[in-house]
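Student: here you go, sequence then predicted model.
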Amino acid sequence: MYSERNKRNEEENILKGKKGITLIALVITIIVLLILAGVSIAMLTGNNGILSQAQNANEQTDIGKEKEQIALAYNGIKTKKEGGDVTAGELDTELKANGTEATASGNGTLAITFSDSDRTYTIDINGNIILITGNAKEILDNASIAYGKIVSNYDIDGSTGVNWKIFNSDGVNIYLIAGDYINYDKIPNSKENNKLNQSDSFQDAAFFTNILDDYNGSSDITSDNSAYKWLNKYYEKQYTSEYNNMKAVAYMLDTNVWNTFKEDTASYAIGGPTLEMLFDSYNKKYGTQYECQATSKEGYLIRKTANSEWEARITGLLETNDELYTISNQNNALSYWIASPSNYNDWIGHAGFSILSVYYSGSVTYSSYYADDIAFRPIVCLNSDIDLILQEDGTYKIR
């Protein structure tokens with residue numbers, strides 16, 4: 001009897017042990033499967049995932065095919081003509097004869113738009129083909145062509161009468177600038193709802209005296225502000241400032257008030273380009289090497305080359321016939337504000353009063369926060385998923 005009972009107990013313990021092992025194994029198996037599933041999903045999705053890489057590879061293959069179709073049609077015409085420039089009409093006809101669904105337009109440098117992909121390329125008189133539509137990376141790669149083009153379908157009530165131009169791209173986002181000074185009545189109030197001072201001499205010009213007490217200075221521009229990175233050379237030195245020029249800059253980078261210029265296609269808006277953004281744009285378009293640095297908490301100095309002296313102002317620095325950077329019309333204002341403080345402190349007892357600006361003459365210079373001949377050209381940052389499509393009239397549209 002005793003041995004039988006022991007035997008049954010042993011068998012029950014064995015079964016319990018087996019059940020315990022089975023449950024533990026099941027839990028471990030589920031955990032392992034969940035980990036593997038997570039790893040698999042991460043490998044498949046995301047910017048560097050297999051699916052994204054496959055999509056990018058397919059897109060690059062399609063781009064390569066489209067460039068081949070353009071080259072085939074272009075070279076075919078050149079062979080038939082035995083030299084001479086190719087016209088848009090000739091290229092258009094040849095593309096369609098080859099079964100290519102694309103349209104050519106323009107003079108000299110021709111634009112070719114593919115109807116299926118909405119991609120547009122240019123081909124110059126030497127046969128060089130460049131993709132000039134697409135995302136921020138493609139705009140960046142073609143800065144000399146794309147920068148300054150009007151984006152015709154970015155329009156909001158706050159910008160009535162002002163077109164918007166491609167100003168810059170960092171490869172992730174495309175930045176637009178107001179093509180002209182905005183009207184005084186479109187300039188937003190400060191975070192305390194105070195209005196900027198209006199000039200008595202120029203109808204669009206405004207200055208900062210009324211709103212300085214509404215801001216603390218550099219502490220208002222925190223790292224969670226999307227425009228923070230465009231003052232990198234200032235903040236990387238850990239400067240802090242409560243000077244009036246930095247209070248004015250804090251207003252210009254206050255996305256809460258300037259987002260009146262933000263459409264659904266944009267991430268944020270600010271009151272104008274920073275000095276770093278301006279030079280980044282200009283250098284990409286013209287191949288210059290203009291530099292800036294923050295030399296104290298008061299602000300920035302600038303120079304044309306690495307061998308030049310650092311200066312507070314440089315006359316005629318920017319092209320005067322390119323209204324992406326300078327506004328030639330002097331009726332409504334003489335210049336526009338740059339959202340960066342200037343390290344111009346020649347006035348004894350007046351440290352931190354100067355802000356950078358760009359004059360109609362192309363000069364990048366300092367101006368006091370109460371200068372009454374300077375207006376605003378806001379900047380909007382488009383969403384990272386935005387593509388721009390070149391139109392036959394030379395403007396772009398947001399797809």
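Tutor: Looks like it came in fine.
Student: where exactly do the helices run in the stretch 101-250 of the chain?
Tutor: For the stretch 101-250 of the chain, the helices defined by DSSP state H, counting those that start in this stretch cover 136-141, 143-146, 232-235, 244-252.
Student: out of these, which is closest to Gly362?
Tutor: helix 143-146 (18.4 Å; Cβ to Cβ). In this view, the C-beta of every residue, glycine as well, is placed from N, C-alpha and C.
Student: what helix or strand does Asn283 sit in?
Tutor: Per DSSP states H and E, Asn283 falls inside helix 275-286.
Student: next, the buried residues of that helix.
Tutor: 275-282, 284-286 (16 or more other Cβ atoms under 10 Å).
Student: can you list the residues you listed in CSV and add pLDDT and distance to Leu317?
Tutor: Shown next, in CSV, are the buried residues of helix 275-286 (pLDDT from 0 to 100; distance: Cβ to Cβ, whole Å):
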residue, pLDDT, distance to Leu317
Leu275, 98, 11
Glu276, 98, 15
Met277, 98, 15
Leu278, 98, 10
Phe279, 98, 10
Asp280, 98, 15
Ser281, 98, 13
Tyr282, 98, 9
Lys284, 96, 16
Lys285, 95, 14
Tyr286, 95, 11
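Student: reformat the residues you listed as TSV; add distance to Val358.
Tutor: Output for these, formatted as TSV (distance: Cβ to Cβ, whole Å):
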residue	distance to Val358
Leu275	10
Glu276	14
Met277	12
Leu278	7
Phe279	11
Asp280	14
Ser281	12
Tyr282	10
Lys284	17
Lys285	15
Tyr286	15
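Student: nearest to Gly64 among those?
Tutor: Lys284 (25.0 Å).
Student: quick one: neighbours of Asn193, just the number.
Tutor: 10 (other Cβ atoms under 10 Å).
Student: what does Ser218 give?
Tutor: Counted with other Cβ under 10 Å, Ser218 comes out at 21.
Student: what's near enough to touch it?
Tutor: By Cβ atoms under 8 Å, 6 or more residues apart in numbering, the contact list for Ser218 reads 234-235, 239-242, 246, 250, 297.
Student: what mean pLDDT does the next helix or strand after the helix holding Asn283 get?
Tutor: Following helix 275-286 in sequence order, the next helix or strand is strand 291-296 (DSSP H and E). Model confidence over strand 291-296 averages 96 on the pLDDT scale.
Student: check contacts around Val151.
Tutor: Neighbours of Val151 in contact, by Cβ under 8 Å, 6+ apart: 163-166, 176, 388, 395-398.
Student: farthest-separated two in these?
Tutor: So, the contacts of Val151 by Cβ to Cβ: farthest apart are Asn163 and Leu388, at 14.2 Å.
Student: neighbour count winner among these two?
Tutor: Leu388 (28 against 16).
Student: so what's the backbone phi/psi at that one?
Tutor: The phi/psi pair for Leu388 (degrees, to the nearest 10) reads phi -110, psi 140.
Student: SS state for Asn259?
Tutor: helix (DSSP: H, G, I helix; E, B strand; the rest coil).
Student: share the number of residues neighbouring it, please.
Tutor: 17.
Student: who's in contact with it?
Tutor: For Asn259, the contacting residues are 268-269, by Cβ under 8 Å, 6+ apart.
Student: state the distance from it to Leu334.
Tutor: Using Cβ to Cβ, to the nearest Å, we find Asn259 at a distance of 28 Å from Leu334.
Student: again, but for Asn256
Tutor: Using Cβ to Cβ, one gets 29 Å for the distance from Asn256 to Leu334.
Student: kindly report the same for Ile379.
Tutor: When Ile379 is compared with Leu334 (using Cβ to Cβ), they lie 20 Å apart.
Student: check Tyr239 too.
Tutor: Distance from Tyr239 to Leu334, by Cβ to Cβ: 29 Å.
Student: with Thr209 instead?
Tutor: For Thr209, the distance to Leu334 (Cβ to Cβ) stands at 18 Å.
Student: so between the two, which is more surrounded?
Tutor: Neighbours per residue, other Cβ under 10 Å: of Thr209 and Leu334, the larger number sits with Leu334, 24 against 15.
Student: close enough to count as contact, the more buried one and Thr365?
Tutor: No - the criterion here is Cβ atoms under 8 Å, and Leu334 misses it with Thr365 at 11.0 Å.
Student: Asn383: neighbouring residues, count only.
Tutor: 15.
Student: kindly apply the preceding question to Ser342 instead.
Tutor: There are 26 residues near Ser342, going by other Cβ under 10 Å.
Student: OK, contacts around it?
Tutor: With Cβ under 8 Å, 6+ apart, Ser342 has these contacts: 245, 298-300, 312, 354-356, 366-367.
Student: equivalent analysis for Ala250, please.
Tutor: 215-218, 220-221.
Student: distance check, the residue nearest to Ser363 when sequence neighbours are not counted against Val358.
Tutor: Distances taken as Cβ to Cβ, 6 or more residues apart in numbering place Thr315 nearest to Ser363, at 4.5 Å, with adjacent residues excluded. Distance from Thr315 to Val358, counting by Cβ to Cβ: 12 Å.
Student: which residues are common contacts for these two?
Tutor: Thr365.
Student: with that, I have no additional questions.
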